[in-house]
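>>> Pasting the sequence and the predicted coordinates here, then a few questions.
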Amino acid sequence: MKLSILGCYSATPRALTNTTSQVLEINNHMFLIDCGEGTQVQLRKHKIKFNRIKHIFISHLHGDHFFGLVGLISTFRLLTREADLHIYGPKGIKEVITLQMKLADSWTNYKLIFHELTSKKSELIFEDEKVEVFTIPLNHRVYTNGFLFKEKEGERKLDIKAVEDANIDTAYFRKLKQGFDVENKDGVLIDNNKVTKPANKSKSYAFCSDTMYKEDIVPIIKNADVLYHESTFLEKHAHLAPKTKHSTAKEAATIAKLANVGTLVLGHYSTRYDGLNAFKEEAQTVFNNVELSEDGKTFNF
């Protein structure tokens, strides 16, 4: 599971900082999460093959989270993209994107599929044989969702020596990987656990930006391997968090601790601060395993 941070600051892009956008690579998928202004430049700068992106998840319709989307869609058109592009986001995202395309007479030459979200409860919005994606309802000034990306449990691994010793025909290898007991060549039923090993542990990633402190997301993200949680403010500006419906680094850490996640990644910093170390220090007073997102930074989990 690889996470590439393209932008992790709030409000406006600056010369050396970008607004929210990141790429999650999980089980051969490349998911784009949010698409702030300048996202396609960041994709090129960090040599991410964005033609592999087939699914884009937009948390909410504030500009610092989606103003780069229509530009990316347009670039895909100019590059003669043929693959379908799925966009998941709040109701209204189809209208705002297609209006720009209509007025510019710049319709795509590939299929653009919108999945508009309205539910205030967590729901499954994407699924294939390997990965599931659920919404995480958040509390912000407009309708907002985070996203939980979960690998499905993989196939069991064959213990080849044990399989050979048990005299099992290769025709049953697929069944063994799926967890079934099978008969060997002598008609004896073989216990699956004796000839296979457990699958690799499936991984999960929770993205939560933007939101004020919201404990009821804890059951949804419980035991996630990685949690990205917005930390717009430090404690000295904690009084601004409820007014703007954002969180502090300490509040993000509290959610991480309650949810028993593996690693907390902080982001969505207010540009009022000169450095980031204080965010990590404040979060670590509550939760130990904290990382700072930074533009261009890559995490492998």
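Arrived safely.
>>> Confirm that residue 4 sits in a strand.
Yes. Checked against DSSP: H, G, I helix; E, B strand; the rest coil, residue 4 lies within a strand.
>>> For stretch 173-180, could you pull out the residues that count as buried?
The neighbour-count check on stretch 173-180 (16 or more other CB atoms under 10 Å) flags 173, 176-177 as buried. In this view, the C-beta of every residue, glycine as well, is placed from N, C-alpha and C.
>>> Narrow these to those in strands?
Within the buried residues of stretch 173-180, membership in strands is found for no residue, as judged by DSSP state E.
>>> Now, those residues that are in helices?
With helices defined by DSSP state H, the entries of the buried residues of stretch 173-180 inside them are 173, 176-177.
>>> can you list those in a markdown table and add distance to residue 119?
Shown next, in a markdown table, are these (distance: CB to CB, whole Å):
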| residue | distance to residue 119 |
| --- | --- |
| 173 | 41 |
| 176 | 40 |
| 177 | 36 |
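>>> Residues in a beta bridge with residue 196, which ones?
Beta bridges link residue 196 to residue 158, judged by DSSP bridges.
>>> repeat for residue 189
With DSSP bridges as the rule, residue 189 is bridged to residue 183.
>>> Surely it and residue 175 touch.
No. With contacts counted by CB atoms under 8 Å, residue 189 stays clear of residue 175, the gap being 12.0 Å.
>>> could you give me the average pLDDT of stretch 230-244?
Taken as a whole, stretch 230-244 has a mean pLDDT of 97.
>>> Which residues does that stretch contact?
10, 141, 208-213, 246-252, 266-270, 272-273, 278-279, 282-283 (CB atoms under 8 Å, 6 or more residues apart in numbering).
>>> From these, keep the buried residues only.
Buried, going by 16+ other CB under 10 Å: 10, 208-213, 246-252, 266-270, 273, 279, 282-283, out of the contacts of stretch 230-244.
>>> Out of those residues, name the ones that lie in strands.
Using DSSP E, the buried ones among the contacts of stretch 230-244 in strands are 208, 266-267.
>>> would you turn the residues you listed into CSV with pLDDT?
Below are these laid out as CSV (pLDDT from 0 to 100):
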residue, pLDDT
208, 98
266, 98
267, 98
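>>> which one among these gets closest to residue 67?
residue 267 (17.6 Å; CB to CB).
>>> any low-confidence regions in the stretch 1-150 of the chain?
The stretch 1-150 of the chain contains no residues with pLDDT under 70.
>>> Would you mind measuring from residue 76 to residue 87?
11 Å (CB to CB, to the nearest Å).
>>> Repeat that for residue 59.
Remark: distance between residue 59 and residue 87 (CB to CB) = 12 Å.
>>> More neighbours: which of these two?
residue 59 (30 against 21; other CB atoms under 10 Å).
>>> Alright, I will stop here.
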